[in-house]
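> predicted model, plus sequence, below.
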Amino acid sequence: MKKCKPFILLLAAVLLLGACTTRLEIRFTDKNGNDIPVVFPSADVGAPAETLPAETQTQAIRSEDTAPPETAASPSPDPAETAPAPAGQDLPGSGTPATKEEILALYKAAVTRVRGGEAGYDRKTWEATAIGDVTGIPAVDHYVQKEVDKRATPESEAQTVTYEKGSSGAAEMFPDCTLTDAGQIASATCVQEGGVYRVKIVMNDETTPQSVENSMLGGITDIIIFRRELERELKEKLSAVKNYDYEIVYKAFEVDCEITADGRFISVRHHAVGEVHVASVQILFLTIRDKNATIYMDAEFTNFNYG
């Protein structure tokens, strides 16, 4: 699937907005409705932040802005779901795939059918970003978080797109599975219930994949951000961002899906969590260091039509 351009720049937005708070002016309102300009220096500059008058401190930020931003949760995998079956204990159902190789083969076969034009489906994608301590000033960090959120699509606002069976879009927008090494899978489980295989594949962690061609995760999904893709966008859209030293660690990427006994998808979900650490980045004449953020990316495929 093609990722949304604005979301490719989420990481850059964190860096750029964080740096720009060196001279970030936010207007506050006192109890009489008069504007009060307040300038927050960046924590890197070393200057103390200006203090609001006592009578306006409680009104500095509107009540609807004070709640912490909502971000997509990254639930820890349930050991009961992700751990392989103990030795000597059969998984339920006759002929249920049990090894990583067997489960991967089941998943790949179902992917091949969809990409071969056998099914249409509905697709929905959403994203979220949680910034860390970008400026050291809670009010400004909250402002940066809100600005970053504007560049993502939360699940509540994600649009469902329908791709008809046999269309070029149905093949193009469904992630291929070229993964061949089951050793790159951290855990895989498959349980058969009522003629349906419930599959979960959890991948090993991967740090800052260069491109889809030489990435472990690139062999099973395309919702993650690759270094080559991100840096091309930075060059084209945010030329002021230079000399960046960063890494993105994708932790425990998950595929959860339901597959019928005859190899047809019922539902598929990809879930990625990227922990971003920026060692240093230069924006114009300012250098910021040691900043962190977490990005969440999800894709969901439902209503498969094989008719």
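On my side now, so go ahead.
> now this structure, which segments are flagged as low pLDDT?
The chain contains residues with pLDDT under 70 at 1-94, 134-136.
> could you rerun that using 80?
1-94, 132-137, 139-141, 143-144, 147-148, 150-151, 233-234, 236-244, 281-288 (pLDDT under 80).
> neighbours of residue 197, how many?
22 (other C-beta atoms under 10 Å). No exception for glycine: its C-beta is placed from N, CA and C like everyone else's.
> which strand residues bridge it?
residue 192, residue 259 (DSSP bridges).
> identify the residues contacting it.
Residue 197 sits next to 96, 97, 106, 190, 191, 258, 259, 260, 261 when contact means C-beta atoms under 8 Å, 6 or more residues apart in numbering.
> among the residues you listed, name the buried ones.
Among these, those classed as buried by 16 or more other C-beta atoms under 10 Å are 96, 97, 106, 190, 258, 259.
> which residue ranges of the stretch 151-300 of the chain form helices?
168-172, 227-237 (DSSP state H, counting those that start in this stretch).
> what's the closest non-adjacent residue to residue 211?
residue 228 (4.6 Å; C-beta to C-beta, 6 or more residues apart in numbering).
> how about the contacts of residue 197 in CSV, adding distance to residue 168?
Output for these, formatted as CSV (distance: C-beta to C-beta, whole Å):
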residue, distance to residue 168
96, 35
97, 31
106, 26
190, 31
191, 35
258, 26
259, 24
260, 25
261, 29
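> sort out which one of the residues you listed lies nearest residue 126 for me.
Of all the contacts of residue 197, residue 126 sits closest to residue 258, with 20.1 Å by C-beta to C-beta.
> the closest one and residue 198, how far apart?
According to C-beta to C-beta, to the nearest Å, residue 258 stands 6 Å off from residue 198.
> same question for residue 226.
Taking C-beta to C-beta as the measure, residue 226 falls 30 Å from residue 198.
> between those two, point out the one with more neighbours.
Taking other C-beta under 10 Å, residue 226 and residue 198 do not tie; residue 226 has more neighbours (22 against 17).
> which ones are touching the more buried one?
209, 210, 211, 212, 215, 218.
> before we move on, back to that, any chance of the buried ones among the contacts of residue 197 in a markdown table, plus distance to residue 171?
Below are the buried ones among the contacts of residue 197 laid out as a markdown table (distance: C-beta to C-beta, whole Å):
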| residue | distance to residue 171 |
| --- | --- |
| 96 | 29 |
| 97 | 25 |
| 106 | 20 |
| 190 | 25 |
| 258 | 21 |
| 259 | 18 |
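> which one of those is nearest to residue 179?
Nearest member of the buried ones among the contacts of residue 197 to residue 179, counting by C-beta to C-beta, is residue 106, at 12.8 Å.
> quick one: buried residues of the strand or helix carrying the closest one?
Applying DSSP states H and E as the criterion places residue 106 in helix 100-113. Neighbour-count burial for helix 100-113 flags 100, 103, 104, 106, 107, 108, 110, 111, 113 (criterion: 16+ other C-beta under 10 Å).
> can you name the next helix or strand after that helix?
Past helix 100-113, the next helix or strand by DSSP H and E is strand 120-131.
> helices or strands next to that next one in the packing?
helix 10-20, helix 138-149, strand 161-163, strand 286-305 (3 or more C-beta pairs under 8 Å, 6 or more residues apart in numbering; DSSP states H and E).
> pick the most deeply packed of those.
Mean neighbour count (mean count of other C-beta atoms under 10 Å) peaks for helix 10-20 among these, with a mean of 24.
> now do the helix holding residue 106 against strand 286-305, angle only.
70 degrees (axes from the mean of the first three to the mean of the last three C-alpha atoms, to 10 degrees).
> same for helix 100-113, what does it pack against?
So helix 100-113, by 3+ C-beta pairs under 8 Å, 6+ apart, packs with strand 185-193, strand 196-203, strand 254-260.
> does anything pack onto the last one? Which helices or strands?
The one in question is strand 254-260. Applying 3+ C-beta pairs under 8 Å, 6+ apart, one finds that strand 254-260 makes contact with helix 100-113, strand 196-203, strand 265-283.
> and of those, who's closest to residue 139?
strand 265-283 (20.8 Å).
> does residue 107 touch residue 200 like I think?
No - in terms of C-beta atoms under 8 Å, residue 107 does not count as a neighbour of residue 200; the distance is 10.3 Å.
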